[in-house]
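Enquirer: Here is the input, now give the coordinates:
(2 chains, ligands or ions: 2)
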Amino acid sequence: MSIVSVQNISKSYWRDSLEIPVLSNISFEVPEGEFVGLMGPSGSGKTTLLNLIAGIDRPTKGSIIVANTDVTKLGESQLAKWRSSNVGFVFQFYNLLPVLTAFENVELPLLLTKLSKKERKEHVEFVLKVVGLADRIHHYPKQLSGGQEQRVAIARAIVTDPTILIADEPTGDLDKTSALEILNLLQTLNSEFKKTIIMVTHDPRAAERAHIIKQLDKGELT
Amino acid sequence: MHILKLIIKNMLRHKLRTFLTVLGISIAISAFGLIRTVVTAWNAGVEATAADRLITRHSVSFIFPLPLSYRDKIAKVEGIESITYANWFSGVYIDKKQFFARLAVDAETFFDVYSELLITPEQLAAFKKERNSCIIGDQLVERYNLKIGDVMPIEGDIYPGRWEFVVRGIYKPRDKATDPSNMLVHWNYIDERMKKEMPGREGYVGWYISKIKNPNDAAVISEKIDQFFQNSSAETKTETERAFSQGFMASVSAIFTSMNIMSFVIIGIILLVLGNTMIMSARERIREYSVLRTLGFSNFHLVSLIGGESLLIAALGGATGIAFAFPMVSGFEAALPKGWFPIFYIEPITLILASSAAVLVGVLAAMFPIQRTLTTKIVDGLRQIG
Ligand SMILES: Nc1ncnc2c1ncn2[C@@H]1O[C@H](COP(=O)(O)OP(=O)(O)OP(=O)(O)O)[C@@H](O)[C@H]1O
Ligand SMILES: [Mg+2]
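Expert: Ligands and ions are numbered 1, 2, ... in the order given. Below is the predicted model of the structure:
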């Protein structure tokens, strides 16, 4: 059974009245619990495709069904609500809030839930343990290494136990060792916690971890 | 953690910038409070005037006197309940820096017309009996440490010579707008001495004050009085007390009008100061706000986050500004010559105005950054570097 179903997606940007097609007629399925790698040259539309699946951008044409919800049909605020419980997003540049500690950054998505303070604390401590940062709970992002920051970001992405985990070049800004740690972590999340992961990467070693590889070139799947 | 904690942490991100913004707002708000206090003190003088009193003065200027004989003629005009008259006595008490009104009044009728000056019947009777006595406001009692029976020596200027007045009565102002620092002496006493020492100056009063039965008749009665004295040697001009005191200080009032405008210009300036801070913050955080939206934070959350920060800074600045305003106003009052403003205190309306101005500024300053944040597409915000 597929958890994500991308159906005939096209996406264009407009600069003035000039249409710039970025994705054309893309369709594919992601079975539940899969680890999908999305590759392709720079500018081929990988980030654009991820953003559409994550529901932070809208396609020009086509529909995207995630766990039986047609994301393209949701209104602005419904979509925000949907994202909060269904999508975990990991960025290339971590995107932690610099004024918040690791704990508080991970707690952020839980503020949108009905969980009590105590329950939130338990969840946050649990995921920080999963990513191996139990001893860095009260550190601020600038007191952490890049790899550690990315692990906090992953903890933030999984703390709500989302339907899908989306990662856009999660190792793109890291050195070899840190990149390896992050990939191991993602693999663990996939194999042990059965998270469905869609990951964009340029790195062939990262792609090795994925079970399915999709190649995107000039806006088309090959 | 709560969203409020994030607001506070955001606010403290650039401590110096936030501090300077709060300081700017608080200086402006206390300046606003001080200026409004001066303006209200000024207006209080005008507002204290009664609508049911008419002032009749010389048509050319109030410095020219009118004959005492006008009194009976005015009193006969229909609609007038009672009439009294007064004159500037002025003179120097202690030294030239002591400001308070010194008036020569008709002892028999003055307090009937000025019912806002509260005095016991016994003291009023004692005053009426003794020609060289005076009645003073309770603020003068405090200011000069006076009591009943004390003598107040005055060096005359309009009425030359040395004068001595025994304090026989102390009036209390009926409300806060009433001048608590008048000194009232007998017109008769001064007139008699003029008759002896400077013949020809006797028999003149500065202005007449008539209490009318119905304030709505003010215009009609004024016209009747003035018609009466048309083509006489001293034509009159009659107007309500309010119009009189506004006209009397017309030259000063331009200054107060500009102060009035200035107080609101100040609010405009703090709007720019806070607006600038909020716009800078929002621009720096456009990416963070996009991240929050990616996590599922709604427009409402972002409005609370940005608006809350703006309001918090404005409230901090407003509160410290109001706290500063009190010592500033007392310092200002101490620096002013005594009696310039009989009433000088921060009115509740000034506090309400100052705090609503701060809140309004907080709301307005957040509008542009909020609008900008919410109209930025998430994907565009995420692409921003920095
Ligand atoms: N907001 C936008 N407005 C206009 N054009 C855009 C916008 N976002 C992306 N594009 C264009 O769409 C194309 C695909 O961009 P996208 O970021 O998806 O590529 P990518 O495959 O993720 O590249 P990279 O590997 O460099 O991250 C690019 O040509 C880009 O210039
Ligand atoms: Mg990309």
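
Enquirer: Please report how far B:Ala325 lies from ligand 1.
Expert: As for B:Ala325, its distance to ligand 1 is 50 Å (criterion: CB to the nearest ligand atom, to the nearest Å). For every residue, glycine as well, the C-beta is placed using N, CA and C.

Enquirer: try B:Phe99
Expert: Separation of B:Phe99 from ligand 1 (CB to the nearest ligand atom): 71 Å.

Enquirer: Could you list which residues are in contact with the residue in chain A positioned nearest to chain B?
Expert: Among the residues of chain A, A:Ser84 lies nearest to chain B; the distance is 2.5 Å by CB to the nearest CB. Applying CB atoms under 8 Å, 6 or more residues apart in numbering or on different chains to A:Ser84 gives the contacts A:109, A:112-113, A:160, B:295-297.

Enquirer: pLDDT value on B:Arg383, please?
Expert: The model reports B:Arg383 with a pLDDT of 86.

Enquirer: Tell me how many other residues surround it.
Expert: Per other CB atoms under 10 Å in any protein chain shown, the neighbour tally for B:Arg383 reads 12.

Enquirer: Pick out the residue nearest the middle of the chain.
Expert: As the question left the chain open, I've gone with chain A. Centroid-nearest residue in chain A: A:Ile166, 1.9 Å away (criterion: CA atoms, centre = their mean).

Enquirer: my bad, chain B
Expert: Central residue of chain B (CA atoms, centre = their mean): B:Ala41, 1.6 Å from the mean position.

Enquirer: about what we covered before: close enough to count as contact, the residue nearest to the centre of chain A and A:Thr47?
Expert: No: the pair A:Ile166 and A:Thr47 fails to qualify as a contact (CB atoms under 8 Å) at a distance of 10.4 Å.

Enquirer: can you give me the helices in chain A?
Expert: Secondary structure of chain A (DSSP state H): helices at A:46-54, A:76-86, A:102-107, A:117-130, A:146-158, A:176-191, A:204-209.

Enquirer: And chain B, by the same measure?
Expert: Per DSSP H, chain B carries helices over the ranges B:3-11, B:15-47, B:70-75, B:110-113, B:121-129, B:138-144, B:187-197, B:218-228, B:241-248, B:250-284, B:286-294, B:299-335, B:348-375, B:378-383.

Enquirer: what residues does chain A put near ligand 1?
Expert: A:13, A:20, A:22, A:40, A:42-48 (CB under 6 Å from any ligand atom).

Enquirer: For the residues you listed, give me CSV that also has pLDDT.
Expert: Formatted as CSV, the residues of chain A next to ligand 1 follow (pLDDT from 0 to 100):
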residue, pLDDT
A:Tyr13, 91
A:Ile20, 91
A:Val22, 92
A:Gly40, 92
A:Ser42, 90
A:Gly43, 90
A:Ser44, 91
A:Gly45, 92
A:Lys46, 93
A:Thr47, 94
A:Thr48, 94
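
Enquirer: And those residues, which of them are buried?
Expert: Among these, those classed as buried by 16 or more other CB atoms under 10 Å in any protein chain shown are A:22, A:40, A:44-48.

Enquirer: can you tell if stretch B:311-326 touches chain A?
Expert: No: where contact is defined by CB under 8 Å from any CB of the partner chain, no part of stretch B:311-326 touches chain A; the two come within 14.6 Å at best.

Enquirer: typo on my end, it should be stretch B:372-379
Expert: Yes: using CB under 8 Å from any CB, stretch B:372-379 reaches chain A at B:377-379.

Enquirer: between these, which is closest to B:Trp207?
Expert: The shortest distance between B:Trp207 and any of the residues of stretch B:372-379 next to chain A, using CB to CB, involves B:Lys377 and amounts to 73.6 Å.

Enquirer: My read is that that closest one contacts A:Asp57, right?
Expert: Yes: A contact is recorded between B:Lys377 and A:Asp57 when judged using CB under 8 Å, the distance being 7.3 Å.

Enquirer: more neighbours, the two?
Expert: Set side by side, B:Lys377 and A:Asp57 give different neighbour counts by other CB under 10 Å, the larger being at A:Asp57 (18 against 14).

Enquirer: per-residue confidence at the nearest residue to that one once chain neighbours are set aside?
Expert: Nearest residue to A:Asp57, sequence neighbours excluded (CB to CB, 6 or more residues apart in numbering or on different chains): A:Asn51, at 4.1 Å. With respect to pLDDT, A:Asn51 scores 95.

Enquirer: and A:Asn51, what does it touch?
Expert: Under the criterion of CB under 8 Å, 6+ apart, the contact list for A:Asn51 reads A:57, B:378-379.

Enquirer: Nearest to B:Tyr204 among the residues of chain A next to ligand 1?
Expert: Of all the residues of chain A next to ligand 1, B:Tyr204 sits closest to A:Tyr13, with 90.7 Å by CB to CB.

Enquirer: Can you name the residues bridging to that closest one?
Expert: When bridges are assigned using DSSP bridges, the partners listed for A:Tyr13 are A:Ile20.

Enquirer: rewinding a little: may I see the contacts of A:Ser84 organised as CSV, with pLDDT, neighbour count and distance to B:Asn87 added?
Expert: Supplementary listing: the contacts of A:Ser84 in CSV, determined by pLDDT from 0 to 100; neighbours: other CB atoms under 10 Å in any protein chain shown; distance: CB to CB, whole Å:
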residue, pLDDT, neighbour count, distance to B:Asn87
A:Pro109, 95, 27, 82
A:Leu112, 93, 19, 78
A:Thr113, 92, 15, 81
A:Thr160, 93, 23, 86
B:Leu295, 95, 23, 80
B:Gly296, 94, 24, 80
B:Phe297, 95, 22, 75
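
Enquirer: Tally up the residues packed near B:Thr235, please.
Expert: You called it Thr, but residue B:235 is Glu. For B:Glu235, the count of nearby residues is 15 (other CB under 10 Å).

Enquirer: how close does it sit to B:Pro327?
Expert: Using CB to CB, to the nearest Å, we find B:Glu235 at a distance of 51 Å from B:Pro327.

Enquirer: so what's the residue of the stretch 101-250 of chain B found nearest chain A scoring on pLDDT?
Expert: Of all residues in the stretch 101-250 of chain B, B:Lys176 sits closest to chain A, with a separation of 48.9 Å (CB to the nearest CB). What the model reports for B:Lys176 is a pLDDT of 72.

Enquirer: just B:Gly45 next, same as before
Expert: In the prediction, the pLDDT value recorded for B:Gly45 is 65.

Enquirer: can you check the one 4 residues further on too?
Expert: The per-residue pLDDT reported for B:Thr49 equals 66.

Enquirer: Would you give the sheet partners of the longest strand along chain B, along with the direction of each?
Expert: Scanning chain B for the longest strand, with DSSP state E as the assignment, gives strand B:161-173. Within its sheet, and counting by DSSP bridges, strand B:161-173 is paired with strand B:117-118 (antiparallel), strand B:133-137 (parallel), strand B:151-156 (antiparallel).

Enquirer: which regions of chain A lie under the pLDDT threshold?
Expert: Judged by pLDDT under 70, chain A has no weakly predicted residues.

Enquirer: Could you rerun that using 90?
Expert: Within chain A, the stretches falling below the threshold (pLDDT under 90) are A:1-2, A:14-17, A:76, A:172-174, A:178, A:193, A:202-209, A:217-222.

Enquirer: Quick check: residues of it near chain B?
Expert: If contact is defined as CB under 8 Å from any CB, the residues of chain A in contact with chain B are A:48, A:51, A:54, A:56-57, A:76-77, A:80-85, A:89, A:91, A:95, A:97-100, A:104, A:107-109, A:111-112, A:156.

Enquirer: which of those count as buried?
Expert: A residue is treated as buried here by neighbour count (16+ other CB under 10 Å); on that basis the buried members of these are A:48, A:51, A:54, A:56-57, A:80, A:82-84, A:89, A:91, A:95, A:97, A:99-100, A:104, A:107-109, A:111-112, A:156.
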